[in-house]
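# please find the sequence and the predicted model below.
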Amino acid sequence: MQSKLACNPNLSRGRLHAEQESIYRTAFQRDRDRVIHCSAFRRLKHKTQVFVAHEGDHFRTRLTHTIEVGQVARTIAKTLNLNSELTEVIALAHDLGHTPFAHVGEDALKVKMAKYGGFDHNAQAIKIVTSLENHYAEFDGLNLSWETLEGIAKHNGPVLGNLPYALQDYTMRHDLELQTHASAEAQVAAISDDIAYNNHDLDDGLRANLFTDSDISNLPIVGECYAEVDAKYPNLDLIRRRHEALRRIFGVMVEDVINTSSDLMQNSGAKSSQDVREFSSAVIQFSPEIFEKLNEIRIYLFKHMYRSERVNVMRKRAKYVINGLFEVFMSDMSLLPDRWASKGSELERARLISDYLAGMTDGYADRRYTELTSGT
């Protein structure tokens with residue numbers, strides 16, 4: 001039986017542009033299908049998670065990360081009797097606005113866009129699904145339901161302070177109530193993102209030889225899981241030992257979220273999905289003990305992976321590419337494809353270039369940079 005805190009698709013606040021709903025799919029199923037079929041979702045295949053595509057075929061890309069987030073999110077949502085369809089579409093859409101070259105690409109674009117209204121990948125995801133995906137005859141964007149848009153915009157919590165222009169522009173037309181928490185389903189998508197990257201970044205870091213199994217066995221949770229595997233399967237080969245340990249780490253995080261969140265939901269006093277939004281804190285959380293241990297893992301990954309020499313080489317290149325392309329296009333808009341060309345104001349041109357750059361894959365950005373600057 002679905003929780004009273006779950007979002008009911010039959011009670012959805014609807015879409016910006018009224019449509020006749022499907023008799024075969026719920027509103028949230030339809031949203032999920034539209035996200036999966038959109039161009040921005042396909043491009044995630046060629047966008048960096050941590051390592052660029054040419055580093056190896058087995059490292060996560062932004063797309064495989066997204067699929068893993070969706071899988072975790074469905075499991076947690078179903079166990080907590082929330083709406084797994086809404087959870088899944090938010091999980092699948094949560095990274096649509098990411099630039100090429102992972103967070104370093106976003107950081108570079110933020111600097112360039114500081115005087116033009118800012119840049120944020122969540123705000124960009126909203127812009128993509130509400131205007132930039134323009135395949136439908138009757139509207140721009142995907143015309144997703146209010147609950148899905150709300151989840152994309154604020155799955156990480158209330159959005160306060162100065163808003164990036166992309167989010168501000170849309171919410172003036174369609175109020176997403178940014179000052180409140182998102183639904184429990186959106187909160188599940190957000191914490192599933194944390195679970196997925198904490199786990200797969202350990203795996204990718206090991207695969208890249210940035211650290212060893214022995215090195216990370218000193219970390220909380222990780223060490224206990226390796227010890228459990230060794231006790232149960234002595235003399236297991238390296239690859240199987242690592243896989244068994246990593247899947248246990250996954251399990252520890254998922255089970256902790258389920259147990260902690262079940263208690264929080266029950267004790268919150270909330271009686272509806274709207275009560276969840278208006279509650280003083282998130283109802284989907286790690287326990288304080290596990291959160292503290294995960295923070296130690298994050299600190300380790302930041303030092304030994306995200307700021308490793310190998311990744312820093314990519315970071316430096318990414319800054320050159322994003323900065324270089326932005327300046328080249330600002331100086332000569334005719335270098336953009338015809339449908340992106342504009343003779344508008346400096347502000348309009350900068351925002352259009354930002355949209356174009358954010359939508360690029362790693363490989364396309366690199367090629368365009370080489371073509372236009374001779375790779376300097």
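Perfect, I can see it now.

# can you count the residues close to the residue nearest to Ala341 when sequence neighbours are not counted?
Nearest residue to Ala341 in three dimensions, chain neighbours excluded: Met333, at 5.7 Å (C-beta to C-beta, 6 or more residues apart in numbering). Backbone N, C-alpha and C define where each C-beta goes, glycine included. When neighbours are counted by other C-beta atoms under 10 Å, Met333 registers 15.

# hmm, Met333 is touching Glu346, no?
No: Met333 is beyond contact range of Glu346, at 10.8 Å (criterion: C-beta atoms under 8 Å).

# buried set for the longest helix seen in the chain?
Longest helix in the chain, counting residues (DSSP state H): helix 238-267. Within helix 238-267, the residues that qualify as buried are 241-242, 244-246, 248-250, 252-254, 256-258, 260-262, 264-265, counting by 16 or more other C-beta atoms under 10 Å.

# cool, and stretch 163-177?
Neighbour-count burial for stretch 163-177, with 16+ other C-beta under 10 Å as criterion, is recorded at 163-167, 169-171, 176-177.

# pLDDT of the helix or strand where Ala189 lies, averaged?
In this structure, Ala189 sits in helix 184-207 according to DSSP states H and E. The average pLDDT for helix 184-207 rounds to 94.

# packing partners for it?
helix 62-79, helix 84-93, helix 146-154, helix 213-216, helix 238-267, helix 273-278, helix 288-301 (3 or more C-beta pairs under 8 Å, 6 or more residues apart in numbering; DSSP states H and E).

# run the angle between the helix or strand just after the last one and helix 184-207 for me.
If you walk from helix 288-301 toward the C-terminus, the next helix or strand you reach (DSSP H and E) is helix 309-331. On the basis of axes from the mean of the first three to the mean of the last three C-alpha atoms, to 10 degrees, helix 309-331 is oriented at 120 degrees to helix 184-207.

# need the contact partners of helix 309-331.
48, 50-52, 99-102, 104-105, 108-109, 112, 208, 210, 305, 335-336, 346, 349-350, 353-354, 356-357, 365-366, 368-369, 372-373 (C-beta atoms under 8 Å, 6 or more residues apart in numbering).

# just the buried ones from the residues you listed?
48, 50-52, 99-102, 104-105, 108-109, 112, 208, 210, 305, 336, 349-350, 353-354, 356-357, 365-366, 368-369.

# the helix or strand of the chain with the lowest mean pLDDT: how far from the chain's middle?
For the chain, counting by mean pLDDT, DSSP states H and E, helix 309-331 ranks last in confidence among helices and strands (a mean of 88). Here helix 309-331 shows a centroid-to-chain-centroid distance of 22 Å under the convention C-alpha atoms, centre = their mean, to the nearest Å.

# quick one: buried residues of it?
For helix 309-331, by 16+ other C-beta under 10 Å, it's 311, 314-315, 317-319, 321-322, 324-326, 328-329.

# from these, which two are the most distant?
Across the buried residues of helix 309-331, no pair lies farther apart than Val311 and Phe329, at 26.8 Å, counting by C-beta to C-beta.

# re earlier: need the buried residues of helix 309-331 in CSV (columns: distance to Lys4).
Listed next are the buried residues of helix 309-331 as CSV, based on distance: C-beta to C-beta, whole Å:
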residue, distance to Lys4
Val311, 45
Met314, 47
Arg315, 46
Arg317, 51
Ala318, 46
Lys319, 49
Val321, 49
Ile322, 46
Gly324, 53
Leu325, 50
Phe326, 49
Val328, 55
Phe329, 51
